[in-house]
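**Q** dropping the sequence and predicted coords here.
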2 protein chains.
Amino acid sequence: MKHLRLGGTAIAIFFLVRGAGAQILSGFSATSGATQVAAEKKFDGYLDTADVDLFIKTLSSRPHHLGSPGDQENTNFIASQYKSWGFDVRVETFYALFATPKTRVLEMTAPTQFRASLMEQPLREDATSGQVREQLPPYNCYSADGDVTGELVYLNYGMPDDYDYLRRLGIDVKGKIVITRYGKGWRGLKPKLAQEHGAIGCIIYSDPADDGYVQGDVYPKGAFKNEWGVQRGSVLDMLIYPGDPLTPGIGATKDAKRLDRKDAATLIKIPVLPISYHDAAPLVHALEGPVAPPEWRGGLAMTYHVGPGKSTVHLKLEFDWQLKPVNDVVAMMPGSRFPDEWVIRGNHYDAWVNGAADPISGQAAMLTEAKAVGQLAKTGWKPARTIVYCSWDGEEEGLLGSTEWAEQHAAELQQKAVAYINSDGNGRGFLGASGSHALEPMINEVARDVTDPETGISVLERRRSREEVAAVNDNKKLRDLLGKDAFKIGALGSGSDYSAFTHHLGVPSIDMGYGGEDPGGEYHSIYDSYDDYRRFKDPTFQYGVTLAKTAGRVMLRLASAERLPFDFTAFEKTLGEYIADIKTQLEKARENTELENRLIAGKQFQLAADPTKKLLPPDQKSEVPYVDFSPLENALHGLDTAASALKHRLGEIPMGAGGDDSINRRLYRAEQCLLSDAGLPRRGWYRHTIYAPGFYTGYAVKTVPGVREAMEQRNWLEMQREIAITAVAVEKLASYLNGIAR
Amino acid sequence: MKHLRLGGTAIAIFFLVRGAGAQILSGFSATSGATQVAAEKKFDGYLDTADVDLFIKTLSSRPHHLGSPGDQENTNFIASQYKSWGFDVRVETFYALFATPKTRVLEMTAPTQFRASLMEQPLREDATSGQVREQLPPYNCYSADGDVTGELVYLNYGMPDDYDYLRRLGIDVKGKIVITRYGKGWRGLKPKLAQEHGAIGCIIYSDPADDGYVQGDVYPKGAFKNEWGVQRGSVLDMLIYPGDPLTPGIGATKDAKRLDRKDAATLIKIPVLPISYHDAAPLVHALEGPVAPPEWRGGLAMTYHVGPGKSTVHLKLEFDWQLKPVNDVVAMMPGSRFPDEWVIRGNHYDAWVNGAADPISGQAAMLTEAKAVGQLAKTGWKPARTIVYCSWDGEEEGLLGSTEWAEQHAAELQQKAVAYINSDGNGRGFLGASGSHALEPMINEVARDVTDPETGISVLERRRSREEVAAVNDNKKLRDLLGKDAFKIGALGSGSDYSAFTHHLGVPSIDMGYGGEDPGGEYHSIYDSYDDYRRFKDPTFQYGVTLAKTAGRVMLRLASAERLPFDFTAFEKTLGEYIADIKTQLEKARENTELENRLIAGKQFQLAADPTKKLLPPDQKSEVPYVDFSPLENALHGLDTAASALKHRLGEIPMGAGGDDSINRRLYRAEQCLLSDAGLPRRGWYRHTIYAPGFYTGYAVKTVPGVREAMEQRNWLEMQREIAITAVAVEKLASYLNGIAR
């Protein structure tokens, strides 16, 4: 494919011609591949930007958070649309704990009086921003009720390393209220860490450096956050388990056995409130104490101090705690040959306010895709496997709809689910894709076959161009990228509805979407509106169609492949890279620990510090032992052998032979071997041994999480234990694959 | 010395005892070393913080720029002080071109009307800030007269890479006025590059991100620049030659042959004016066009746009151009044995306004040092060589006093100057030292013998602690640092009075001072005052005494050493590192050029760019050829052999044998071998083949400048030529050293 990009037209044509004659779609024979390509072409023809536009406009026309009239209206609209396209539709309702604010007070009582407005300003230029009556005001869902008064301390992003530095400054948050800015780690970690360190309250604000005027012109002139914008959001401790706080591990049906609220481990115990930079500025300005270190400084026109000082802050929050219906709309098109094999697609439809971008842009693309699948079916085309479209409710609070559904149908899904394909917000730009690496080659084939609407090249080549240009000052990385024909998909952390499928059930999952040319500050604010979207996100709605083409191809190919395109050699290769990376990190940590401990012992930190300022040395760290990786390395070697043998063996077995789909069934269930029964330490809900969101990073993934996080937490015994546990899982997968090959 | 820091008291004592018995000072025998140590101890006893305080207070009591009454008063005060301490004093006067402002107008005429205040606000908290009548207002000396009106373009720091990016944005500064911020490269480069690119005017402002509220509390609450502070400064094109613009290469005596002003190559041809961020904010705010890339954004509370836009700016400047007397105060104490060998110390005394920090803090430390030398002499101690203290005038305009003096006495200095030791502003913190690497071991010995007043350890160990702590996340660098016993001195770029000595005459030079715990935004503003200094720079004046101890030891040891402590193996080692670095850079550039050109040819830059925004790809670059380094490598090898042989041979010759100082005379003149007759390309005044300020960086040094800059400018033929020229110089040094050894 390099030649295409280097302008070698003759070679490009040769390649395409050659391609057309050979097997161009993994999992399809030449004949079935040609049929598939024709179906996909037809499918593309049904996709219309006008549909994307209309769906976004309709579904974002009023606020539609969980349990609201707007939410219910959207449930009904979506269900009726699926029905009209020929799907079997059911609305499956769960009942989950939800909190909405009754009282919100934030004021500074000293050194000056200041009462925070806690409101976003409706704008003439944004038609739906004035729907105040139906809007949830800015708040953090699952904050505790509380009425606290205390000194204020500024804590940057409120992540673990910020606390390390705070300790070196000799400042303690015990009994104080912390103010942190949005960004870096997951929102819910900020109050969780504050609470762990003894803080009595937590304020989170959007600093203009992160998504305000520092990044670009503010709304409505530009897309970035104006002084009034506030990011709402859940602070559920999803890193223990997502979904309804009261029903961990089981579906939150009407009669489910529920925890007492006080026993729900995922509920934060201190009050936490998000505010705008308009409201934050007086609070930050009043802080005293040391000047914040450079990385802590934001974009407000002032010197950032860490605090505390003479400022006293009063935070009072009361919530209405209720069980609310969570309405998942599930639309099925039964498979003609293998109805008990489900290819599942999902995107949530609930929002914090109007949510044109998050999640409606993704929902609209998915609906456009489903509509086209319906049209295709009306022409006589049938999927071999069952296609399932899921419009999830209650994602914003903590992946409620998807998690409860997956927990409720766990056994069935582990039997039937071929894969789960997720999307969420979508916009102009580049393909992003993360998920199960056995599907990486297939995702590359799809990306090869979808054209970018802006440039006319494939979305694969566009994405690769960006990666290459980004690496232009890194010779090694650039040479690596130029030497490859594929792009690497990411691994799944958290932040959208794939979590229960991949982390809890081991269902092969992919999360995808477009973006990168659609930045802004509207996220979870009243400004995430249709007016904002069509100006700044995807003005022509072409990327909605492009997502439909991309995810739609994944669905159609998985639904009709004669041989499901799982490639475990790709998985094994990536796993090998993860393990190598952990070994490198451990070596670095060993050397760094030794060197830093020498500096600490030699008092260099004290000697290098300015004696007129307080900066304590870091604590001495435990030495990094040599850890036995051999169980994992042997398992990896076994997996390498097994995956290669299987690939070779499958090449010998004719595709589609017999009416039985037993090989495919075994292929799509293989990833379940990677689950451990006990789950990850301290969070057994997360059972995948290879992918998990970081316990101390939130959204961001930790690969080989048991091992990696034990290393990062310097828990060497646990690290050794987790190597053994992960090795068992990998061995299990290897022997499972050997079983298929035999 | 590592043991000392690791708390091994017993070993430390052993070390000191052992040290006392052995030769502890390079260049001294055991006996003469003991005498020297005793003299230094006495010398220390004469150093008094009260002197430093008084000198700073006195010399900064009123504005004293070149040619002002305050300057003349200081000339007289300094001369009388030296005299009173027993020095032979003369005031040597040169006559140099100087420009002071008559008219300064900066206004925005569209889209809104705005007239810049162009003034700094006197403060109650700063006693001298209100001396408005004697202050030079904010301006850039040697700006052209001009009256221009045009569109405005924002250009970040106005450095070459900023112009590269501007070209990619499709924006041209031709016929426009550029606004750049202070920082990164030398001030004078900003208008020079603007002029080269066709701009008609240049505004330079101090962004709060660089030395304003982003860095810390602003004056008078803290040390950083308030909204009114303006950095004055020269924009002479010193990278061609420093000193009087009208008398390049010769002393600007009364009757010197002078250029016509229009023929002076170092004078900027467009008007240029410095302003505060108070004045800059409306100008930056009015800009339109693309949003500035992240690295271009400063700390004003707004979105930075590159421009142009509807804003039109009018800049009118008129100057009074006059020849002004430049009064160098030169104080000598004749050597008792070798009066024709001069150990020279210098620091300027002229300032832009009151200049308590720059330069008076350094001047005061030097005077305190000279006073103590005088006291020492009164006890009967005599320097073997002549000690020369130089208080330079007219440094701020372009190193006028030192350059003219060095040019005027060039032949004598190349005969007599053992070394030139420079300082300038001084403050609380860490020893900084740069200069001729043959003196690096000696500087380390001095740093070992001076105690840091804040921590009680040596300034060597304190500096090393800081370097080690700064490298704490870089295992390789930290391990390197921990494995060494010495610290590496820097190489000399430009920015203070050593330039003529080192770059033009090849006199071994060292620039030194303390700092790093004294940051602020007072530089070249009315706020660089005694009040500011004693609050934020060196409140107890102890670092003034510490600088006197440090530079004083260098002077006293050079003045009395039996064997001058030049170590050319140290120089050769460093030169080897420079050459290795150039080779590495060339290899990187070769690979990067090839890879980037592939991306350009493959159109990846266009494909990766947002089509709704204009961002052109970079230009294709010429391929990087293989360059023949062998002449330089052979020369380096020859130098290695010669330096080692000399070191060995000198070890065999008893020190101080005979009354003749011929070996020493040959040692201190050795560095002159490194001068090339023709000088550097396009700037023949700079004759040193190893050290020069960067032609496109200004203050910052370029080592092996002919070769390195040709590489950076991709002038491969010149690079090859400069390798040959540098090799000849290095060979000359090697054969000169061989001559001494024989």
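**A** Structure's in. What do you need?

**Q** quick check: A:Glu599 touching A:Phe605?
**A** Slight slip there: residue A:599 is Leu, not Glu. Yes. Contact criterion C-beta atoms under 8 Å: A:Leu599 and A:Phe605 qualify, at 6.2 Å. For glycine as for every other residue, the C-beta is placed from the backbone atoms N, C-alpha and C.

**Q** shared neighbours of these two, anything?
**A** Common neighbours of A:Leu599 and A:Phe605, using C-beta atoms under 8 Å, 6 or more residues apart in numbering or on different chains, are B:465, B:469.

**Q** return the residues of the stretch 201-350 of chain A in contact with chain B.
**A** By C-beta under 8 Å from any C-beta of the partner chain, the residues of the stretch 201-350 of chain A that approach chain B are A:208, A:213-218, A:222, A:224, A:291, A:297, A:299-303.

**Q** same thing but at 10 Å, please
**A** By the rule C-beta under 10 Å from any C-beta of the partner chain, the part of the stretch 201-350 of chain A lying against chain B is A:208-209, A:212-218, A:221-222, A:224, A:227, A:277, A:281, A:291-292, A:294, A:297-305.

**Q** what's the ChimeraX syntax to select whichever of the residues you listed are buried?
**A** This is the ChimeraX syntax for the buried subset of these, where burial follows 16 or more other C-beta atoms under 10 Å in any protein chain shown:
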select /A:208,209,212,213,214,215,216,218,222,224,227,277,281,291,292,297,298,299,300,301,302,303,304,305
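
**Q** in helices, which of the residues of the stretch 201-350 of chain A next to chain B fall?
**A** Taking DSSP state H, the ones among these that sit in helices are A:208-209, A:277, A:281.

**Q** lowest-pLDDT helix or strand in chain A?
**A** In chain A, no helix or strand scores lower on mean pLDDT, DSSP states H and E than helix A:2-5, which sits at a mean of 31.

**Q** just checking, next helix/strand downstream of the helix or strand where A:Thr641 lies?
**A** Per DSSP states H and E, A:Thr641 falls inside helix A:630-652. Next helix or strand after helix A:630-652 toward the C-terminus (DSSP H and E): helix A:662-669.

**Q** which segments of chain A make up each domain?
**A** Domains of chain A are assigned by automatic domain parsing as A:97-323, A:568-741.

**Q** out of those domains, which gets nearest to B:Pro453?
**A** With C-beta to C-beta, the closest approach to B:Pro453 among the domains of chain A belongs to domain A:568-741: 9.9 Å.

**Q** is chain B within reach of that closest one?
**A** Yes. On the criterion C-beta under 10 Å from any C-beta, domain A:568-741 is in touch with chain B at A:587-592, A:594-596, A:598-613, A:617-618.

**Q** from B:Leu595, how far off is A:Thr100?
**A** From A:Thr100 across to B:Leu595, the span is 55 Å (C-beta to C-beta, to the nearest Å).

**Q** again, but for A:Phe695
**A** 39 Å.

**Q** so what's the residue nearest to A:Leu189 when sequence neighbours are not counted up against?
**A** Among residues not flanking A:Leu189 along the chain, A:Gly698 sits closest, at 4.9 Å (C-beta to C-beta, 6 or more residues apart in numbering or on different chains). A:Gly698 makes contact with A:159, A:184-190, A:192, A:237-239, A:493-495, according to C-beta atoms under 10 Å, 6 or more residues apart in numbering or on different chains.

**Q** select from those the one having the most neighbours.
**A** Taking other C-beta atoms under 10 Å in any protein chain shown as the neighbour criterion, A:Lys190 ranks highest of these with 32 neighbours.

**Q** ok, for the one residue sitting closest to the centre of chain A, nearest residue in space, not its chain neighbours?
**A** Of all residues in chain A, the one closest to the mean position by C-alpha atoms, centre = their mean is A:Gly495, 3.4 Å from it. Nearest residue to A:Gly495 in three dimensions, chain neighbours excluded: A:Tyr699, at 4.4 Å (C-beta to C-beta, 6+ apart).

**Q** can you map out the strands along the stretch 151-300 of chain A?
**A** A:177-181, A:201-205, A:233-234, A:272-275 (DSSP state E, counting those that start in this stretch).

**Q** mind checking which of those strands is nearest B:Arg466?
**A** For the strands of the stretch 151-300 of chain A, proximity to B:Arg466 was assessed by C-beta to C-beta; strand A:177-181 is nearest, at 29.8 Å.

**Q** what mean pLDDT does that closest one get?
**A** The pLDDT scores in strand A:177-181 average 98.

**Q** then stretch A:581-590?
**A** Computed over stretch A:581-590, the average pLDDT equals 98.

**Q** in it, what counts as buried?
**A** If you call a residue buried by 16+ other C-beta under 10 Å, then stretch A:581-590 has these buried ones: A:582, A:586, A:589-590.
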